[in-house]
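# Kindly generate the corresponding structure for this input.
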Amino acid sequence: MREGTHSTPYRPLRRFSGMVLFEICVFAFLLTRLAFLQFGEEGRYDLLSRKNCIRFIPVLPRRGDILDRNGAVLAANTASYRLFIENPLKTRREEVLSLLQKELSLSEAATTKLRKESLKRAYLSLILVQDNLSWEQVSRLSLLQTHCSELHITMGYTRSYPYEEIFGSVTGYIGAPDAQEESSEPFHKHPDHRLGKAGLEKTFDETLQGAMGFRKVEVNATGSTVRQLEFSRAVQGSPLKTTLDAKLQAFAYHLLKPYKAAACVVIEVPSGAVRCLVSVPSYAPTALSNGESQAWKAALQDPMHPLLSRAIAGQYPPASVFKVVTMLAALENGLSPQEKVTCSGYWELGNHRFHCWKSVSGHGPLNLLEATCQSCDVYFFSLARRLGITPIASVARTLGLGEATGLLYGEKEGLVPSRAWKLLRRRQAWSLADTILVSIGQGPILVTPLQLAVLAAHIAHHGKRVHPTLVEAPLPLEEDLGFRPESIVYLQNALTEVCTTGTGRRARPAGALVAGKTGTAQVRRISEQDRVLGKLDTADRAWEERDHSLFLGYAPAGGDPSGTRYAISVVIEHGGKGGVTAATVARQLFEALLELPPQEQESYAPAL
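Alright, predicted model coming up:
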């Protein structure tokens with residue numbers, strides 16, 4: 001051994017000591033961590049453990065029934081058995097699907113749909129397989145539950161609508177919530193949960209829903225229920241008693257059914273209670289609520305759009321029924337009703353002629369009452385020239401046009417135009433020609449049948465506001481619309497005369513006074529060539545080119561000013577002259593409302 005060097009006999013001992021020390025430190029760390037998890041985190045992990053073995057299963061409430069004013073059921077629940085599966089593990093998915101396909105005779109398309117649903121759902125979440133199970137299916141599936149824990153058979157409820165199409169557009173239908181409608185509420189994610197999608201079901205959804213219950217259960221490692229720990233009963237939704245009259249609704253529906261597309265509304269005055277709200281065509285809500293694909297396909301592809309509730313969302317040019325508004329604007333602005341205007345069949349503005357409906361001979365000299373009874377366009381052209389659009393639009397809005405009433409979800413506002421509206425929407429200045437057209441309910445103006453009925457109700461209630469409602473409610477404080485009493489009285493008398501000697505004669509039943517106004521809305525311009533050839537009547541044209549037929553009014557007219565009255569509107573798409581088609585339907589409605597015997601209507605000359 002060289003000088004200056006020495007052996008290192010303790011190096012292995014040092015290495016061993018270091019390793020032992022390191023292991024002691026690691027062991028101490030693990031022991032400390034274990035102690036922390038055992039004692040410091042005991043509560044947290046105990047909670048997680050309990051969450052793994054305890055589940056809360058929502059119990060959905062029964063939806064409230066919808067009733068008419070006399071207790072007739074418009075929408076109810078029918079008990080049915082339903083099959084759900086708890087979304088299985090990936091390794092079990094195909095086995096479970098194969099079993100279901102065999103036992104329920106599922107088509108390949110249905111099986112594929114289930115597979116896709118399973119792939120996008122979380123493990124153990126419930127998936128609806130089939131509802132309305134037969135008793136035989138329930139028996140077979142119950143036996144299979146012993147070796148297929150994913151199967152769950154429950155008693156559920158399907159929505160049924162005894163009157164189907166008659167009330168379809170009013171009751172609406174229910175369906176599963178879409179992505180926008182889902183919330184953090186657990187029952188919103190339940191595959192059996194349904195929300196109102198249209199009509200009363202949508203508008204009063206919160207009332208009809210009820211309150212959710214739940215089942216607290218203990219499950220094992222495979223997710224199967226071991227025992228029930230707690231049960232909270234669901235609270236059924238409240239029944240919704242409406243103001244609607246099922247008999248009147250059915251009567252009105254069958255009156256309108258022969259027409260391709262139509263609507264009518266009846267409002268009781270002064271309560272505002274809506275007694276009927278009919279749209280034709282309609283749909284069968286039971287099939288739509290049950291998600292029947294063929295029913296949905298037929299409804300969506302129907303060119304007549306049965307899903308459109310025409311009574312609240314159909315928007316039409318009001319035609320001559322709007323003369324009620326122009327007339328009231330003239331009276332409120334001091335124009336004399338005795339002043340006469342001569343109708344020669346047209347009115348000239350520059351080099352353009354605006355024709356009266358009686359364009360061949362004209363009406364001759366007329367005052368306001370006579371012009372209203374005969375629905376003379378030329379007289380109202382002269383009023384429009386002197387009034388301008390502002391007072392006409394103001395009266396229209398005061399009477400409820402141009403805004404939704406809030407009666408039902410999906411209601412449209414219609415349109416009352418103004419100078420600002422045209423400048424904003426069409427980048428054009430308002431013209432006198434626009435005012436002339438609007439004064440007789442043509443041009444850029446749209447109303448709904450509901451709005452027309454509300455307008456009639458305001459007049460029937462002597463210029464006081466009527467709030468339409470579908471649920472019984474205390475009468476609100478009387479609200480005067482601000483018109484002069486003498487203007488309202490003159491208007492009421494004029495509308496009564498319209499249905500006595502004027503264009504609305506067909507609307508008057510025997511034994512009662514009726515007030516109203518007819519309208520015939522052009523959907524196609526009458527050319528000069530048509531006028532030369534005398535082709536003024538659209539009855540011989542294709543259906544979609546015929547005029548719309550309209551009527552608004554109320555009954556009984558006159559009599560006790562505090563008595564009950566019924567305001568109505570009738571709109572028949574491409575139905576021809578308002579004084580013929582819509583007025584005849586209105587008469588039949590008045591006969592039913594006033595309990596008068598039906599009559600054979602005498603023949604009148606064509607009327608607007």
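# okay, CA-based contacts and neighbour counts for the rest of this
Will do.
# How far away from the center of its chain is stretch 218-238?
Remark: stretch 218-238 is offset 36 Å from the chain centroid, using CA atoms, centre = their mean, to the nearest Å.
# helix or strand right after the lowest-mean-pLDDT helix or strand in the chain?
Here the helix or strand of the chain ranked lowest by mean pLDDT, DSSP states H and E is helix 42-53, holding a mean of 53. Moving toward the C-terminus from helix 42-53, the next helix or strand (DSSP states H and E) is strand 54-59.
# could you give the mean pLDDT of whichever helix or strand comes after that next one?
The helix or strand immediately downstream of strand 54-59 is strand 66-67, counting by DSSP H and E. On average, the pLDDT along strand 66-67 is 98.
# what's strand 66-67 in contact with?
Strand 66-67 is contacted by residues Val73, Leu74, Ala75, Ala76, Thr171, Pro239, Leu240, Lys241, Thr242 when judged by CA atoms under 8 Å, 6 or more residues apart in numbering.
# 10 Å - rerun?
72-76, 161, 171, 200-201, 204, 208, 238-246 (CA atoms under 10 Å, 6 or more residues apart in numbering).
# moving C-terminal of it, what's the next helix or strand?
Toward the C-terminus, strand 66-67 is succeeded by strand 73-86 as the next helix or strand (DSSP H and E).
# tell me the mean pLDDT over that following strand?
Averaged over strand 73-86, pLDDT sits at 85.
# cool, stretch 331-342 as well?
95.
# buried set for it?
By neighbour count on 16 or more other CA atoms under 10 Å, the buried set for stretch 331-342 is Leu331, Glu332, Leu335, Pro337, Lys340, Val341, Thr342.
# Any chance of these in JSON lines with secondary structure and distance to Gln492 as columns?
What follows is these, written out as JSON lines (DSSP: H, G, I helix; E, B strand; the rest coil; distance: CA to CA, whole Å):
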{"residue": "Leu331", "secondary structure": "helix", "distance to Gln492": "12"}
{"residue": "Glu332", "secondary structure": "helix", "distance to Gln492": "14"}
{"residue": "Leu335", "secondary structure": "coil", "distance to Gln492": "17"}
{"residue": "Pro337", "secondary structure": "coil", "distance to Gln492": "14"}
{"residue": "Lys340", "secondary structure": "coil", "distance to Gln492": "20"}
{"residue": "Val341", "secondary structure": "strand", "distance to Gln492": "22"}
{"residue": "Thr342", "secondary structure": "strand", "distance to Gln492": "24"}
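# Max pairwise distance over the residues you listed: which two?
Within these, Glu332 and Thr342 form the most distant pair, 22.5 Å apart (CA to CA).
# and the nearest residue to Ser361 once chain neighbours are set aside, how many neighbours?
Closest residue to Ser361 apart from its sequence neighbours, by CA to CA, 6 or more residues apart in numbering: Gly345 at 5.8 Å. By other CA atoms under 10 Å, 20 other residues sit near Gly345.
# Inside helices: which ones of the contacts of strand 66-67?
Thr171, Leu200, Glu201, Leu208, Ala246 (DSSP state H).
# what's the strand or helix carrying Ala384 packed up against?
According to DSSP H and E, Ala384 maps onto helix 377-387. Using 3 or more CA pairs under 10 Å, 6 or more residues apart in numbering; DSSP states H and E, the elements in contact with helix 377-387 are helix 323-332, strand 341-343, strand 346-349, strand 352-355, strand 364-366, helix 368-374, helix 389-398, helix 432-439.
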